[in-house]
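S.K.: The following block contains a protein sequence and its predicted model.
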Amino acid sequence: MLRKGNLFVISGPSGAGKGTIIREVLKSTQEIEISVSVTTRESRRGEVEGVNYYFKSREDFEKMAEEGGFLEYARVYDHYYGTPKEPVLKALDRGENIILEIDIQGALQVKKSYPEAIFVFILPPSMAELRQRIVSRGSETEEALKLRFASALEEISYIEKYDYYIINDTLTASARCLEAVIMAERCRIKKDVTELIENFKEELE
Ligand code: ADP
Ligand code: 5GP
């Protein structure tokens, strides 16, 4: 019985630790793959094309959007970000579980077009710690840092649209929490379980 894969959508304010938690989970499971987004922002030191993002010009991004190439896309903190549609839908059809690490506007679009997705919100332990984490990552200019921090409270106000939340205090506990969500969703009863029951019946006939 080939079961369709689950689509996990992870959001939360910049610096809450989304990327770090996902990387930790990917270390210990073969069960999940991350979708690589397209962005118009500059690459940060150490980021690799095709691994962290596909870095594109605004023109190329818009062309891809016009051609319907995105599952969702949004303008986030002055840049454009989008999820390439075809690779994600094909992977789900093959039964693979996929993670999207995307902002709230994008998550709301996915909720409309792919309502069976599972939505997970990552919270920092406090606003002070959030600020500290963005600063310590050292990836933003002072201006970008202010914009990201100022957006955090508004972003958090969307938490009720999500199915699960994780307060990212210690990394190990957060990663275990996300693994538990992935595991629980694997065991959720969906339509395709009727096929399994049919097999039981056939076995007895
Ligand atoms: P996001 O992807 O949500 O923007 P990152 O994963 O880049 O956030 O994390 C932001 C910063 O916080 C990074 O420097 C990261 O190493 C650090 N960080 C992430 N999780 C934790 C944690 N549980 N405890 C302490 N620092 C953390
Ligand atoms: P960063 O610039 O720190 O890598 O990402 C900034 C924000 O953009 C984060 O909130 C991240 O979740 C979001 N983001 C990354 N990729 C996508 C995407 O494909 N679509 C949307 N809507 N947001 C994204």
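M.R.: Arrived safely. Ligands and ions are numbered 1, 2, ... in the order given.

S.K.: Which of the helices or strands spans the residue in the chain positioned nearest to ligand 2?
M.R.: Taking CB to the nearest ligand atom as the measure, the chain has G106 as its residue closest to ligand 2, at 2.4 Å. Every C-beta, even on glycine, is put in place using the N, C-alpha and C of the backbone. Following DSSP states H and E, one finds G106 within helix 104-113.

S.K.: Give me the local confidence score for the residue of the chain closest to ligand 2.
M.R.: Model confidence at G106, given as pLDDT, is 98.

S.K.: I'd say it and E72 touch.
M.R.: Yes - the pair G106 / E72 is scored as a contact, 4.2 Å apart, by CB atoms under 8 Å.

S.K.: got any residues that touch both of the two?
M.R.: Common contacts of G106 and E72 (CB atoms under 8 Å, 6 or more residues apart in numbering): 82-83.

S.K.: Get me the contact residues on the protein for ligand 1.
M.R.: 12, 14-20, 133, 136-137, 168, 170-171, 174 (CB under 6 Å from any ligand atom).

S.K.: Wait, a strand at I197?
M.R.: No - if the criterion is DSSP: H, G, I helix; E, B strand; the rest coil, then I197 is helix and not within a strand.

S.K.: Can you give me the neighbour number for it?
M.R.: 9 (other CB atoms under 10 Å).

S.K.: which residues touch G69?
M.R.: 82, 84-86.

S.K.: if we can go back for a sec, which two in the residues of the chain next to ligand 1 are spaced the farthest apart?
M.R.: S14 and T170 (19.9 Å; CB to CB).

S.K.: okay, those two: which has more neighbours?
M.R.: S14 (23 against 10).

S.K.: and that one, what element?
M.R.: Here S14 is covered by no helix or strand, with elements defined by DSSP H and E.

S.K.: where's M127 relative to I134, distance?
M.R.: 11 Å (CB to CB, to the nearest Å).

S.K.: no wait, P125
M.R.: For P125, the distance to I134 - CB to CB - is 14 Å.

S.K.: who has more neighbours, these two?
M.R.: I134 (22 against 14).

S.K.: Settle this for me: that one is touching Y77, isn't it.
M.R.: No - assessed by CB under 8 Å, I134 is found out of contact with Y77, at 11.4 Å.

S.K.: Could you list the residues in contact with stretch 106-115?
M.R.: So stretch 106-115 is in contact with 7, 9, 11, 71-74, 76, 81-83, 100, 102, 117, 119, 158, 161-162, going by CB under 8 Å, 6+ apart.

S.K.: chain center to it, what's the gap?
M.R.: Centre-to-centre, stretch 106-115 and its host chain are 12 Å apart (CA atoms, centre = their mean, to the nearest Å).

S.K.: got it, and stretch 59-74?
M.R.: 18 Å.

S.K.: Check the gap between the residue of the chain closest to ligand 2 and D169 for me.
M.R.: G106 is 26 Å from D169, by CB to CB.

S.K.: returning to what we had before: now restrict the contacts of stretch 106-115 to buried residues only.
M.R.: 7, 9, 11, 71-74, 76, 81-83, 100, 102, 117, 119, 158, 162 (16 or more other CB atoms under 10 Å).
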